[in-house]
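K.L.:
just a sequence and a predicted model for now, questions to come.
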Amino acid sequence: MIDTIARTRDMNLHLNSGGSALHILKSITFAINPGEVVSVVGPSGSGKTSLLMVLGGLEKASDGVVAIGGTNLAGLDEDQLADMRRQNIGILFQNFHLIPSMTALENVALALEIAFDDLPVEEIMARAKAALAEVGLAQRETHLPSALSGGEQQRVGLARAIVTRPRLLLADEPTGNLDQETAASAIDLLFALARRNNMAVLLITHDNNLAKRADRRMRMNRGELQELEATVS
Ligand SMILES: Nc1ncnc2c1ncn2[C@@H]1O[C@H](COP(=O)(O)OP(=O)(O)OP(=O)(O)O)[C@@H](O)[C@H]1O
């Protein structure tokens, strides 16, 4: 049996909002394998980002099992959760979240420095440069985010997410702010990196065409996750 990167069993998430309890994620049983790209579509407010937060250890499930790399997250304290994240998880956001006063290279290097604070600075810079080269931005190391196009900023975001060599990349609407053509090339790059590095990707998207390119498609509806028919290619 292949070891899963992430799996949940009968996982629920309840949150309190204005004094009333909300059942956000409902009995979710799910697994993602090494190198597998899984897309999640579903209406706004259905719970897609909440699922990503739970899998990334950023939100604690109310009950059920959440395991990353075979470790049950329920038993971890905050420090152990942070270790689990830096060893396994990369996150790619819709709004890039780059630090405006730092160059492309510094943004990528910072992520590595935070994740592995005992790495020598030469190695941090070498790995950050290699990650920027992987996303085709070797010539833009010294540029500030404001001097980069949206597509280029997202590629810096991607370099920052993969520089720690995560086994699972959680991507929340990563192309939501890009035009169609730029989005398509950003996704081509994401898929190529996933294949090359045997990195699993959980891709949240509103774009059905994009979702269809995944190995497996899921749909979130009112907190329930269901598998969709296999994509016919
Ligand atoms: N911290 C919180 N406290 C209370 N309710 C929350 C909290 N975070 C999310 N919710 C609620 O949980 C539900 C699911 O939100 P979530 O962001 O996961 O949906 P989504 O499917 O990602 O939506 P979108 O596509 O609009 O980003 C929503 O009803 C939202 O209002």
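P.N.:
Perfect, thanks for sending it.

K.L.:
wait, is Gly157 part of a helix?
P.N.:
Yes. Under DSSP: H, G, I helix; E, B strand; the rest coil, Gly157 falls within a helix.

K.L.:
and the closest residue to Ile99 other than its chain neighbours, how far from Thr175?
P.N.:
Nearest non-adjacent residue to Ile99, counting by C-beta to C-beta, 6 or more residues apart in numbering: Asn107, 5.7 Å away. Backbone N, C-alpha and C define where each C-beta goes, glycine included. If you measure Asn107 against Thr175 using C-beta to C-beta, to the nearest Å, the figure is 19 Å.

K.L.:
on that earlier part again, pretty sure the residue nearest to Ile99 is touching Arg155, no?
P.N.:
No. The criterion here is C-beta atoms under 8 Å, and Asn107 misses it with Arg155 at 11.3 Å.

K.L.:
up against the ligand, what does this protein have?
P.N.:
Applying C-beta under 6 Å from any ligand atom, we find that the chain lies next to the ligand at 15, 17, 22, 24, 42, 44-50, 220.

K.L.:
from these, which ones fall inside helices?
P.N.:
48-50 (DSSP state H).

K.L.:
what about these, which one has the most neighbours?
P.N.:
Lys48 (24 neighbours; other C-beta atoms under 10 Å).

K.L.:
can you read off the pLDDT for it?
P.N.:
Listed pLDDT for Lys48 reads 96.

K.L.:
now do the contacts for it.
P.N.:
Lys48 is in contact with 40-42, 172, 204, 220, counting by C-beta atoms under 8 Å, 6 or more residues apart in numbering.

K.L.:
what's the spacing between it and Val121?
P.N.:
Applying C-beta to C-beta, the value for Lys48 to Val121 is 38 Å.

K.L.:
buried ones in the longest helix anywhere in the chain?
P.N.:
Counting by DSSP H, the longest helix found in the chain is helix 180-197. Under the neighbour-count criterion of 16 or more other C-beta atoms under 10 Å, helix 180-197 has 182-184, 186-187, 189-191, 193-194 buried.

K.L.:
between those residues, which is nearest Gly64?
P.N.:
Ala194 (27.1 Å; C-beta to C-beta).

K.L.:
tell me the spacing between the closest one and Val66.
P.N.:
Between Ala194 and Val66 the computed distance is 22 Å (C-beta to C-beta).

K.L.:
same thing with Thr103?
P.N.:
Thr103 is 36 Å from Val66, by C-beta to C-beta.

K.L.:
check Arg155 too.
P.N.:
Applying C-beta to C-beta, the value for Arg155 to Val66 is 30 Å.

K.L.:
could you do Glu224 as well?
P.N.:
Taking C-beta to C-beta, one finds Glu224 at 17 Å from Val66.

K.L.:
then Leu144?
P.N.:
Counting by C-beta to C-beta, the separation of Leu144 from Val66 is 38 Å.

K.L.:
again with Gly151
P.N.:
33 Å.

K.L.:
so the two - more neighbours on which side?
P.N.:
Val66 (23 against 17).

K.L.:
who does the more buried one bridge with?
P.N.:
As for beta bridges, Val66 partners with Thr8 under DSSP bridges.

K.L.:
give me the buried stretch members for stretch 4-20, please.
P.N.:
4-8, 11-13.

K.L.:
where does pLDDT dip in the chain?
P.N.:
1-2, 230-233 (pLDDT under 70).

K.L.:
mind listing the strands for it?
P.N.:
6-17, 20-32, 37-41, 63-68, 71-72, 89-92, 168-172, 200-204, 216-221, 224-227 (DSSP state E).
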